[in-house]
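S.K.: missing the sequence, but the structure's below:
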């Protein structure tokens, strides 16, 4: 088990994830944008495109405009997830002392570790609650229930379990792992050194959490999670710069036409018309 | 009987009618297999379709934002589910997850029943793009139903209405089957009408060589919306334009967009450009037609098969520009009735006409009241994409589809005294709303926007 999940599977996961995503993106690049289907009102410059797409990607503009409750749940979930992924990287990378590295703030390494612990705990719980809310929404709101497939609910449950195990490790120190253990493990993996002897891999919670993450990454390219990239691919099609052709018709002089009285019948013509 | 296993369906074109528009119907037993073959071909061409198939997370936001679902409460009319009708097949045949996990991810085998589902639901979609507008990712269900209708057309399933329109266009160059002598007669009659009603002398030149401008009216304006065509004539006369109507293309609409974006739509585009070429025109100005203006403005560049020498603008663009420059003398008192504006979906979400329509509206009326929501957020009239079917079942459906619009119009209060104007500057909107304002008893008359502009022109 330790050998499989800790030593062998990670390499397979990284390979399958990378190839899978590339395969999927390749499938999107082959077909072309045949007709111009940009949504109006159009952005007029690339800066406007960036603002539009950025506000959708990072602030969920449309959800905010049309469904505040969904916006709240979605942004909480994604914001917490983003921080947790970032936290995993810098937390393990700098052993929780990353905030001490920011010059001018005077944060001690001890304080930084405490801040790391606290932020991880807060975002972990937030993510867990937000996922529960999204699942609750999927199971109770009629229109959402009507569009859901079994896999939509299963993904949420899967994430709830994954995050739940992570939270147990964070909240109960007996079940947790140290920053240093994880860093040493990752370094060893990256250097293709044996890792099976490591203390870390004796922790059942860690193994479970780690296995769930790896399965998720392997399935990722074939799942709805691809919306991470799909969102940008779709926006690239429907939010593009478009410039209207200049208005104005050839050989038009309205003032001259009005002076000449075009369309106003002369007296004779007026009589004929009656 | 336009119903299949409980699903409403438009009356379909007979095999002979299909052959008139150069489509050979596929026998029923071959339809499922051919559908997969065509789908495979088309998915390799249209990125808009593939990304729509593979990116939806089923958040459900589109449901309450679709007038079709609001009017019918049919689960398959939720945009995400409407796209799912084709996505379940796409998953099953063209994705690994569909092949491995089947029902779990909503994959399903193709069958005649599925094809009949497509016919029912893709022809209830108005292709108004409101779902694309509200979708957090911008997924355009319109692209999905475009392609669904394309597949159906290749299988030989097209509504009688759409096929008839395609056939008439092929034959005479407009949807109503009006030949050139009829066009000239009608235009002469309109000149007389204008003289009687407005006391102004307006000529409608037809096929005049070396015209600076060719104006493409909706053919419905010859019969159903005469004031729109009369209005355009008055406008061009007022500004002293050297213009004409090309008898070969007296149709702003292009139903190819709505059922066959290959042969039919491309054919219509080339017919238009040939007419502009033959008359040596400098500019093409478009009349009031929503889908037609989208088909012209956004699709001519990709379907022309040649460099397009003629700038294309909408008559609203030109009128608004002249108003902004202060060149038109207008008296808004000529339109004293309370007015509300129905934004044609293609104008506001596909063609960027939002501001120009309001520039005109504010200049030519005194009591203009906006609907809620309006502009780019507006709801469709329920007839969008030419689903103006007249058989009893589909007609009932049209009343349901226009429910949201009726509620919106009522809320503005313009019809309270029975003299309100519902301005709907698009031929399909007009054709849908003429009967619908009666069905919903809204107390308004339906008009175009150029109608109102022409009424407000001060000639002396």
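M.R.: Arrived safely. Computed from a prediction, not measured in an experiment: that's the story for all the values here.

S.K.: how about the contacts made by the residue nearest to residue A:13 when sequence neighbours are not counted?
M.R.: Using CB to CB, 6 or more residues apart in numbering or on different chains and skipping residues adjacent in sequence, the residue nearest residue A:13 is residue A:214, 4.4 Å away. (Each C-beta comes from the backbone N, C-alpha and C, glycine too.) Applying CB atoms under 8 Å, 6 or more residues apart in numbering or on different chains, one finds that residue A:214 lies in contact with A:5, A:9-10, A:13.

S.K.: for residue A:10, same thing?
M.R.: Counting by CB under 8 Å, 6+ apart, residue A:10 makes contact with A:189, A:214.

S.K.: now the longest helix along chain A: how far from the chain's centre is it?
M.R.: Selection of the longest helix in chain A by residue count, based on DSSP state H, yields helix A:109-140. On the basis of CA atoms, centre = their mean, to the nearest Å, helix A:109-140 sits 17 Å off its chain's mean C-alpha point.

S.K.: elements contacting it?
M.R.: With contacts defined as 3 or more CB pairs under 8 Å, 6 or more residues apart in numbering or on different chains; DSSP states H and E, the secondary structure elements packing on helix A:109-140 are helix A:68-93, helix A:142-147, helix A:150-171.

S.K.: neighbours around residue B:411, how many?
M.R.: Burial measure for residue B:411: 12 neighbouring residues, criterion other CB atoms under 10 Å in any protein chain shown.

S.K.: same thing with residue B:308?
M.R.: 15.

S.K.: would you mind measuring from it to chain A?
M.R.: Residue B:308 sits at a distance of 10 Å from chain A (criterion: CB to the nearest CB, to the nearest Å).

S.K.: could you list every residue that touches that residue?
M.R.: With contact set as CB under 8 Å, 6+ apart, residue B:308 has these partners: B:273, B:300-301.

S.K.: got it, and residue B:378?
M.R.: With contacts defined as CB under 8 Å, 6+ apart, residue B:378 is in contact with B:130, B:342-343, B:345, B:348, B:371.

S.K.: which residue packs closest to the closest residue to chain A within the stretch 351-460 of chain B, ignoring adjacent ones?
M.R.: Taking CB to the nearest CB, chain A has its nearest neighbour within the stretch 351-460 of chain B at residue B:352, 3.6 Å off. Once its chain neighbours are removed from consideration, residue B:352 has its nearest residue in residue A:40; the separation is 3.6 Å (CB to CB, 6+ apart).

S.K.: number of nearby residues for the one you found?
M.R.: By the other CB under 10 Å criterion, the neighbourhood of residue A:40 contains 22 residues.

S.K.: ok so, going back, isn't there a strand covering the residue of the stretch 351-460 of chain B closest to chain A?
M.R.: No. Secondary structure of residue B:352 (DSSP: H, G, I helix; E, B strand; the rest coil): coil, not part of a strand.

S.K.: that one and residue A:61, how far apart?
M.R.: For residue B:352, the distance to residue A:61 (CB to CB, to the nearest Å) stands at 19 Å.

S.K.: so for those two, which sits in the more crowded spot?
M.R.: Between residue B:352 and residue A:61, counted using other CB under 10 Å, the more crowded position is residue B:352 (20 against 17).

S.K.: need the contact list for that one.
M.R.: Listed by CB under 8 Å, 6+ apart, the contact set of residue B:352 reads A:40-42, A:242, A:244.

S.K.: that older thread, make TSV from the helices and strands packed on helix A:109-140 and add mean neighbour count to it.
M.R.: Formatted as TSV, the entries for those read as follows, by neighbours: other CB atoms under 10 Å in any protein chain shown:
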stretch	mean neighbour count
helix A:68-93	17
helix A:142-147	18
helix A:150-171	17
